[in-house]
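Engineer: no sequence on this one, just coordinates:
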């Protein structure tokens, strides 16, 4: 069995209709394996019965479908995408176990990492696209800290929480997987071009959709089952009541995975989903170490900010303390510390230059621990 | 024999001296006014003849020719009526006193009364500068005319009155109106919680820096901009005499007082180019001239027509605007401090955590609509956020307190630039920056690092130095210290944003 042949056959089989798993199982049942199914169908040797109805028969014999599968495979080569099937060795074990695992996965980057983490040490991080600076900061920090312990961070590379999660993992030199709702070669949203490139290089970008597939709205809920399926736990950072992130959480619960929730501002619509989950008994976390203990990792309790606190003095120290206590903008700091605005502003500049604070595009500050 | 009468017209916003030469010769009766007068000037002949006859004087027989010298400069308006009439009366011997020490300004109504005109202030100012000691002006313009020192004003209600003034050698008129300088400006104390924006406004006023406020609708940008006028120092006599004539010429002098407070002009995106810069068929000063020595406020900067904004470049460069018409040109003064306000993006909520409905591309492209050449002249960028209810009470200052500090800083600058053509840090040229903004090595290091971190751009570099100079002046520090530079870097929001936003 030629490896290429096998993959093309699987691509063909996965594009025969909506219920891919059922189709694949039926074919395996009748023909033994997918390559044999392909070879027979090509020669017209397919009949109704044993799970194949008239509609299915038409598709099996349709020459266009064979051509299409070949086209997709060639396209993958052109776009430097790898392909694996359910039968491949590299297929993530954790994904095999979900209700309807994707038959074929297209990816860019390093999927072997999956087999390294055979215990399924992945955490997915999800949240809303329209999030606050607080949410962004949490997603970034948690991912950064957790990825340091060899736990891969899985997310959807969407705007907002997803992107920050990926960035946090990359910053901590950890491993991250982006599961896309479009072809693995399609960069969506456009402004994540650099992020996409970084993840392809140092992590893995994957999709169950053939290359070139646009980010259709309907793809995203399906994509979410992969996000929760790959990981052994899901962290939801900030989500409104009826958001995509909540769908991922539902799937995680169905799959029997742990769900961790970050509490949010009770006045903010963006946090209502999370806060409701907590009210309904989800695990509320306020420190990344809370999650690590579930992955059987003990972290020495050391305040990482100690080093910084010791190196600062005077007004810079007060300003830094205000930031780690939740101040985001100069106005907050003035209110908290009563320090004159001109001194607050010059301290912020100095702290940024010293690499202690990071300023966002919109002018909010967060500590760079 | 020719009679000469001193009178004045306008050239732009300055008085134009005109020598009305009156000649009556034998020949067929006629009354001609020459000297490139416009229609109003030519029609004066009808007004003057009627006025004279209606007060009982017989209009002379003969060919009357009046030349308004200098003959090759265009004359406009009706301010010469009175002078010409006086000239004719002198010619016929009805007036037999010397009239050369007077200047005559005013329009005549057909029944012999003297009507008020616009632009009396610059005219009388020019008279004073030329050494003419006495001016006979319309009664309604007397208060305005009296604003000029060293010139005696004689208000005339009618042609007859004017004749009596000359013949009787009357006393000069004294302006006994009470000058109550009790104008109340909106106070900075009313502004709640926007400590950074208020601080930036103080720096802008102290150093004459152009400033841009960026923030959501309703967060207080306009409120703060409106209050900047109150913290500016009063105009000097010279500065007042530069800008008051503009108001006089436009007929906008509500109370005949010299404009002492720097003017504040608000402009919105629906303004036309001519309305903003000046122009029109007969060139008329625009908002930039009405804002001379004061503040021009552009609200919703990103919504302005690019073409209109382009017109600001020349005046911001040279401090005046030159408008050409048929080979002639007129200059109006236009030296102003620019205050601008803008939304950060189309929906306005970029700074309101997570509520912005624009895509990042839409957000960046909104601010990109601001004309680059104008942005390049703005020293301070401040992002303004909505204030929550529990704002900081303590760091609020009253307008009076802030103005005191501003005046102190201005004093330092006046001394520093005593021999320069500019008087504020905001107007420093590159050479002055190199001379007066010398930094310690630590400050240089910080600036370099800030550029590396894309906090500021190269274009922002000089602006940061100028701003730091003002911050140091506000703290009465001769040397620019590290903390002044560090604070100054915080006012370059757009450098950072445009650099990092994709």
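Structural biologist: The structure has been received and is ready for your questions. The shown structure was predicted, so the numbers you read here are calculated from the model rather than taken from an experiment. Numbering: from 1, shown residues only, chains lettered A, B, ... in the order given.
Engineer: in chain B, what residue is nearest chain A?
Structural biologist: Nearest residue of chain B to chain A: residue B:486, at 3.5 Å (Cβ to the nearest Cβ). Using the backbone N, CA and C atoms, a C-beta is placed for each residue, glycine as well.
Engineer: quick check, that residue in a helix?
Structural biologist: Yes. Applying DSSP: H, G, I helix; E, B strand; the rest coil, one finds residue B:486 inside a helix.
Engineer: residues in contact with the closest residue to it other than its chain neighbours?
Structural biologist: Setting aside the residues directly before and after it, residue B:486 is nearest to residue A:346 in space (Cβ to Cβ, 6 or more residues apart in numbering or on different chains), at 3.5 Å. Going by Cβ atoms under 8 Å, 6 or more residues apart in numbering or on different chains, residue A:346 touches B:482, B:483, B:484, B:486, B:487, B:490.
Engineer: 7 Å instead, please
Structural biologist: Residue A:346 makes contact with B:483, B:486, B:487, according to Cβ atoms under 7 Å, 6 or more residues apart in numbering or on different chains.
Engineer: as CSV, those with pLDDT and neighbour count would be great.
Structural biologist: Shown next, in CSV, are those (pLDDT from 0 to 100; neighbours: other Cβ atoms under 10 Å in any protein chain shown):
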residue, pLDDT, neighbour count
B:483, 93, 23
B:486, 93, 26
B:487, 95, 25
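Engineer: now do the residue of chain B closest to chain A against residue A:7, distance only.
Structural biologist: 59 Å (Cβ to Cβ, to the nearest Å).
Engineer: got it, and residue A:213?
Structural biologist: Distance from residue A:213 to residue A:7, by Cβ to Cβ: 17 Å.
Engineer: mind checking which of those two has more residues around it?
Structural biologist: Comparing residue A:213 with residue A:7 by other Cβ atoms under 10 Å in any protein chain shown, the one with more neighbours is residue A:7, at 23 against 19.
Engineer: nearest spatial neighbour of the more buried one, skipping sequence neighbours?
Structural biologist: Residue A:7 sits nearest to residue A:83 (Cβ to Cβ, 6+ apart), 4.8 Å away.
Engineer: which ones are touching that neighbour?
Structural biologist: Residues in contact with residue A:83 (Cβ under 7 Å, 6+ apart) are A:7, A:11, A:76, A:104, A:106.
Engineer: pretty sure it is in a strand, no?
Structural biologist: Yes. Assessed by three-state DSSP, residue A:83 belongs to a strand.
Engineer: okay, strands next: where are they in the stretch 301-450 of chain B?
Structural biologist: B:320-325, B:328-333, B:337-342, B:380-384 (DSSP state E, counting those that start in this stretch).
Engineer: pull up the residues of the stretch 251-400 of chain B that are close to chain A.
Structural biologist: Selection of the stretch 251-400 of chain B residues close to chain A by Cβ under 7 Å from any Cβ of the partner chain yields B:350, B:351, B:353, B:354, B:360, B:361, B:383, B:385, B:391, B:392, B:394, B:395.
Engineer: need the worst-confidence member of those.
Structural biologist: Among these, residue B:392 has the lowest pLDDT, at 64.
Engineer: any idea how far whichever residue of the stretch 251-369 of chain A sits closest to chain B lies from residue B:470?
Structural biologist: In the stretch 251-369 of chain A, the residue that lies nearest chain B is residue A:346 (3.5 Å; Cβ to the nearest Cβ). Distance, residue A:346 to residue B:470, using Cβ to Cβ: 14 Å.
Engineer: quick revisit: now the contacts of residue A:83 in JSON lines, with pLDDT?
Structural biologist: JSON lines is the format used below for the contacts of residue A:83 (pLDDT from 0 to 100):
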{"residue": "A:7", "pLDDT": "91"}
{"residue": "A:11", "pLDDT": "92"}
{"residue": "A:76", "pLDDT": "93"}
{"residue": "A:104", "pLDDT": "93"}
{"residue": "A:106", "pLDDT": "94"}
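Engineer: what number of residues lie near the residue in the stretch 1-150 of chain A that chain B sits nearest to?
Structural biologist: Taking Cβ to the nearest Cβ, chain B has its nearest neighbour within the stretch 1-150 of chain A at residue A:132, 3.9 Å off. When neighbours are defined as other Cβ under 10 Å, residue A:132 has 22 of them.
Engineer: now swap in residue A:89 and tell me
Structural biologist: Using other Cβ under 10 Å, residue A:89 has 7 other residues around it.
Engineer: my reading is that it lies in a strand. Confirm?
Structural biologist: No. Secondary structure of residue A:89 (three-state DSSP): coil, not part of a strand.
Engineer: closest to residue B:299 among the residues of the stretch 251-400 of chain B next to chain A?
Structural biologist: Checking those against residue B:299 by Cβ to Cβ gives residue B:383 as the nearest, at 16.6 Å.
Engineer: could you measure the closest one against residue B:212, distance?
Structural biologist: Distance, residue B:383 to residue B:212, by Cβ to Cβ: 10 Å.
Engineer: ok, residue B:190 next?
Structural biologist: Distance from residue B:190 to residue B:212, by Cβ to Cβ: 22 Å.
Engineer: swap in residue B:233?
Structural biologist: Counting by Cβ to Cβ - residue B:233 and residue B:212 are separated by 22 Å.
Engineer: those two: who's more crowded?
Structural biologist: The residue with more neighbours, out of residue B:233 and residue B:212, is residue B:212; 26 against 18, by other Cβ under 10 Å.
Engineer: for residue A:150, what are its contacts?
Structural biologist: Contact analysis of residue A:150 by Cβ under 7 Å, 6+ apart lists residue A:121.
Engineer: get me the contact residues on the stretch 251-369 of chain A for chain B.
Structural biologist: Within reach of chain B by Cβ under 7 Å from any Cβ, the stretch 251-369 of chain A has these residues: A:270, A:329-331, A:334-335, A:338, A:340-342, A:345-346, A:348-350, A:352-353, A:361-363.
Engineer: can you rerun that using 8 Å?
Structural biologist: Proximity of the stretch 251-369 of chain A to chain B, by Cβ under 8 Å from any Cβ of the partner chain, involves residues A:268, A:270, A:329-331, A:334-335, A:338, A:340-343, A:345-350, A:352-353, A:359, A:361-363.
Engineer: quick one: buried residues of the strand or helix carrying residue A:28?
Structural biologist: Using DSSP states H and E, the element containing residue A:28 is helix A:20-31. Across helix A:20-31, burial judged by 16 or more other Cβ atoms under 10 Å in any protein chain shown covers A:20, A:23, A:24, A:26, A:27, A:28, A:30, A:31.
Engineer: so what's the residue count around residue A:267?
Structural biologist: 7.
Engineer: centroid residue for chain B?
Structural biologist: residue B:292 (2.3 Å; Cα atoms, centre = their mean).
Engineer: quick check: that one vs residue B:85, distance?
Structural biologist: Distance, residue B:292 to residue B:85, using Cβ to Cβ: 35 Å.
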